[in-house]
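Enquirer: Build the 3D model from these lines:
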Amino acid sequence: MAGSLLLVAHGSRDPRHARTVRALTRVIRSTRPGLRLRTAFLDFDAPCVPEELERAARDGIRSLVAQPLLLTRAFHAKTDLPGVLRQAPPALAVWQAPVLGPDPLLIAALERRLYGAGLAPGERAGTGVVLAAAGSGDPEAAETLAALARHWQHTAGWYAVRPAAASGGPRTEDVVRALRAEGARRVAVAPYVLAPGRLPDRIAAGARAAGADVLAPVLGAAPELVRLVLRRYDRAARTPAPTG
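Expert: Residues are numbered from 1 along each chain as shown. As a prediction, the model looks like this:
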């Protein structure tokens, strides 16, 4: 059984990003008080991952689950994080858990945010949803987002669900206008991002520019996200394995 959980966030020059990640950390800690929980960032914010790995080893922790606070499996999950985790002290066994998405709990969190922003459940059939991610040049990440959009449309009864990206994909504003032209009575934008920052701001600006009816906030510390992180930890902690 792994002895600790390390949440690894992307990091951002925007201070709202770190504040949101730390708010999520506090909710997870209050939900599971006995869990030894740490937070680190891949870039821009402190502490960095190597610092937290060293600190964990000094504190006597011998096994640790690293949970990427990432929604799609792209460069950071495939290359960046594994490379950093291989720098862990020899006495510390580290297991890298899978990225958070896709998962039904994330869909539930997206819907919670849409309803909190003013969309009524009874409006599903006439509402086109823009599933707006930060974006990635990784084809696997783009296909995963498209597959999630198709799944959400077919299982939830929306008029349509279409993917968009703040970088490297169809722009939010273009997808909003396309859905309107196709006949959607309402168009809602659901940011598929964890925390605020430059790219989420670009999503919001595109939604406003195109006249979206509803713009949901980022996922943040949604209860479903808290449950998902703890579920991933419990699964990984039952079968720990060192990296490298």
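Enquirer: ok, for residue 167, nearest residue in space, not its chain neighbours?
Expert: Leaving aside its sequence neighbours, residue 167 sits nearest to residue 135 (CB to CB, 6 or more residues apart in numbering; 3.7 Å). C-beta here means a position set from N, CA and C on the backbone, and glycine is covered the same way.
Enquirer: who touches that neighbour in this structure?
Expert: For residue 135, the contacting residues are 165-169, 199, by CB atoms under 8 Å, 6 or more residues apart in numbering.
Enquirer: Check residue 48 too.
Expert: 40-42.
Enquirer: can you rerun that using 10 Å?
Expert: Contact analysis of residue 48 by CB atoms under 10 Å, 6 or more residues apart in numbering lists 8, 11, 40-42, 84.
Enquirer: Secondary structure element holding the residue sitting nearest the centre point of the chain?
Expert: Taking CA atoms, centre = their mean, the centroid of the chain lies closest to residue 71, which sits 3.7 Å from it. Assigned by DSSP states H and E, residue 71 belongs to no helix or strand.
Enquirer: Tell me the first helix or strand C-terminal of the helix or strand of the chain with the lowest mean pLDDT.
Expert: The helix or strand of the chain with the poorest confidence is helix 75; it has a mean of 79 (mean pLDDT, DSSP states H and E). Following helix 75 in sequence order, the next helix or strand is helix 81-85 (DSSP H and E).
Enquirer: what sits up against that next one?
Expert: 6, 8, 10, 40, 42, 48-50, 53, 64, 66, 68, 70, 75-76, 92, 94-96, 99, 242-244.
Enquirer: Show me the two of the contacts of residue 48 that sit farthest apart.
Expert: 11 and 84 (11.9 Å; CB to CB).
Enquirer: what touches both of the two?
Expert: 40, 42, 48-49, 76.
Enquirer: Which one of those sits in the busiest neighbourhood?
Expert: When neighbours are taken as other CB atoms under 10 Å, the top entry among the shared contacts of residue 11 and residue 84 is residue 49 (25 neighbours).
Enquirer: ok, so what distance separates residue 58 from residue 92?
Expert: Note on residue 58: its distance to residue 92, by CB to CB, to the nearest Å, is 10 Å.
Enquirer: When the two are compared, which one has more neighbours?
Expert: Neighbours per residue (other CB under 10 Å) separate residue 58 from residue 92, with residue 92 holding more: 20 against 11.
Enquirer: Touching, the more buried one and residue 4? I think so.
Expert: Yes - counting by CB atoms under 10 Å, residue 92 does reach residue 4; the two are 9.2 Å apart.
Enquirer: Overlap of the contact sets of those two?
Expert: 56, 61-64.
Enquirer: Redo these as a markdown table? Include pLDDT and neighbour count.
Expert: Output for these, formatted as a markdown table (pLDDT from 0 to 100; neighbours: other CB atoms under 10 Å):
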| residue | pLDDT | neighbour count |
| --- | --- | --- |
| 56 | 96 | 24 |
| 61 | 94 | 20 |
| 62 | 94 | 13 |
| 63 | 93 | 18 |
| 64 | 94 | 27 |
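Enquirer: Let's have those in CSV, adding distance to residue 238 and secondary structure.
Expert: Below are the shared contacts of residue 92 and residue 4 laid out as CSV (distance: CB to CB, whole Å; DSSP: H, G, I helix; E, B strand; the rest coil):
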residue, distance to residue 238, secondary structure
56, 20, helix
61, 17, coil
62, 16, coil
63, 12, strand
64, 14, strand
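Enquirer: which one among these gets closest to residue 187?
Expert: Of the shared contacts of residue 92 and residue 4, the one sitting nearest to residue 187 (CB to CB) turns out to be residue 64, at 43.2 Å.
Enquirer: now the closest one, nearest residue through space, not along the chain?
Expert: residue 4 (4.5 Å).
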